[in-house]
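Peer 1: let me see the structure of the following:
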Amino acid sequence: MQHVYDFYKPEMTSEYPVVDAKLSIQCYLSALDNCYGKYKTKAQKRGMEEPRLSSFDAVLFHSPYCKLVQKSLARLSLNDYLDLPAEAKAEQHPELEKMKDVKREDSYFDRDVEKAFMAHSLKTFEVKTKPSLRIATNVGNMYTPSVYGGLISFMVSKPIDQLAGNHIALFSYGSGMASSFYTIRISDQCDTGSALFKFCQVLADVQTRLESRQKLAPAQFEETLTLREKAIDSARFEPQGQVEGMFPGTWYLTNIDNMHRRTYDRVPLHHANGTNGTNGTNGVNGHS
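Peer 2: The predicted structure follows:
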């Protein structure tokens, strides 16, 4: 954890934060370095072999944007390399000879280092991280739940029998800043009736929901954002957005009275004919 103004919201009447982009990236990567290092130290204190990228079946990250996730996996690859003894560096990775004296704290924006380790970790990224970006690729930054969106994406990327027993590393991050690196292990019980089977059943419609979204023109999207902006610190206020097309079960704002009390309504969970609906854009009319 660290007190830092990398991405913050000083003006509560605004819908949007203030971002120091370069500092934000540096904070994210330095937090990743520190958390991964502490994870390794804890593991070794418990008598475990030093963890490396090869120790995990998947490596998932908080996902502001997908390219940063790929750079983050490369960053862990750099950490693994720098933690090797000098002889092991030369023996196992002669192609990285020029990187042997890199200093972590000086390399956050070093393009040569970034390029070398993105290439070095590419196969690992394709297998262990890229499958976790399915939702992020489609919907963008989810902020708080993004690492768990990555976990869901990974779990719908494989048949259940290939998920069973997987050891997964996750890096969680929030600006300001707080971060953690931890691991989970999926149950090895995947038979019908198992907790894993039931959980995967819940996720069965993820791809369908992604594919059933409606496309909106940029102008319509901007109108939606304008509605949200007007709702901030407004009293009275009645949103004028369209309810039609929202996902079944979506809550939406209908009114803010002159004492700032909010009233909400909800799209029915089922259509009139009793079938589940999947079409729509979520949260068009104010705050969902």
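Peer 1: remind me which residues of the protein are low pLDDT?
Peer 2: For the chain, the stretches flagged by pLDDT under 70 are 271-288.
Peer 1: swap the cut-off to 50 and go again
Peer 2: 272-288 (pLDDT under 50).
Peer 1: quick one, domains of it?
Peer 2: The chain resolves into domains spanning 7-211, 214-288 when parsed by automatic domain parsing.
Peer 1: could you pull out the helices for this protein?
Peer 2: 21-45, 66-82, 86-92, 111-120, 122-128, 134-139, 146-155, 160-163, 195-202, 206-211, 218-231 (DSSP state H).
Peer 1: possible to save those helices as TSV with distance to residue 171?
Peer 2: For every residue, glycine as well, the C-beta is placed using N, CA and C. TSV is the format used below for these (distance: least, Cβ to Cβ, whole Å):
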stretch	distance to residue 171
helix 21-45	6
helix 66-82	7
helix 86-92	24
helix 111-120	16
helix 122-128	13
helix 134-139	14
helix 146-155	7
helix 160-163	20
helix 195-202	22
helix 206-211	22
helix 218-231	30
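Peer 1: mean neighbour count and distance to residue 244 added to those, as TSV?
Peer 2: Supplementary listing: those in TSV, determined by neighbours: other Cβ atoms under 10 Å; distance: least, Cβ to Cβ, whole Å:
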stretch	mean neighbour count	distance to residue 244
helix 21-45	16	38
helix 66-82	21	32
helix 86-92	11	60
helix 111-120	16	45
helix 122-128	15	41
helix 134-139	18	21
helix 146-155	21	27
helix 160-163	15	37
helix 195-202	13	27
helix 206-211	13	18
helix 218-231	13	13
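Peer 1: quick one, what contacts residue 176?
Peer 2: Residue 176 sits next to 3-4, 6-8 when contact means Cβ atoms under 8 Å, 6 or more residues apart in numbering.
Peer 1: among these, which lie within strands?
Peer 2: Judged by DSSP state E, strands contain the following of those: 7-8.
Peer 1: just the buried residues out of the contacts of residue 176, in PyMOL syntax.
Peer 2: In PyMOL, this line selects whichever of the contacts of residue 176 come out buried by 16 or more other Cβ atoms under 10 Å:
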select buried, resi 4+6+7
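Peer 1: mind putting the contacts of residue 176 into JSON lines with distance to residue 26?
Peer 2: JSON lines is the format used below for the contacts of residue 176 (distance: Cβ to Cβ, whole Å):
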{"residue": "3", "distance to residue 26": "15"}
{"residue": "4", "distance to residue 26": "9"}
{"residue": "6", "distance to residue 26": "8"}
{"residue": "7", "distance to residue 26": "12"}
{"residue": "8", "distance to residue 26": "15"}
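Peer 1: quick check: the farthest pair among the contacts of residue 176?
Peer 2: Distance extremes for those: the farthest pair is 3 and 7 at 13.0 Å, using Cβ to Cβ.
Peer 1: pull the number of nearby residues for the residue lying closest to residue 263 once chain neighbours are set aside.
Peer 2: Take residue 263 and drop its neighbours on the chain: the residue closest to it by Cβ to Cβ, 6 or more residues apart in numbering is residue 255, 4.3 Å away. The tally of other residues near residue 255 (other Cβ atoms under 10 Å) stands at 14.
Peer 1: surely residue 255 touches residue 238?
Peer 2: Yes: using Cβ atoms under 8 Å, residue 255 is in contact with residue 238, at 5.4 Å.
Peer 1: so who does residue 191 touch?
Peer 2: By Cβ under 8 Å, 6+ apart, residue 191 lies in contact with residue 197.
Peer 1: how much space separates it from residue 198?
Peer 2: 11 Å (Cβ to Cβ, to the nearest Å).
Peer 1: and the closest residue to residue 144 other than its chain neighbours, bridged to which residues?
Peer 2: Of all residues not flanking residue 144 in the chain, residue 174 sits nearest, at 7.3 Å (Cβ to Cβ, 6+ apart). According to DSSP bridges, the residues that bridge with residue 174 are residue 178.
Peer 1: neighbours around residue 174, how many?
Peer 2: When neighbours are counted by other Cβ under 10 Å, residue 174 registers 14.
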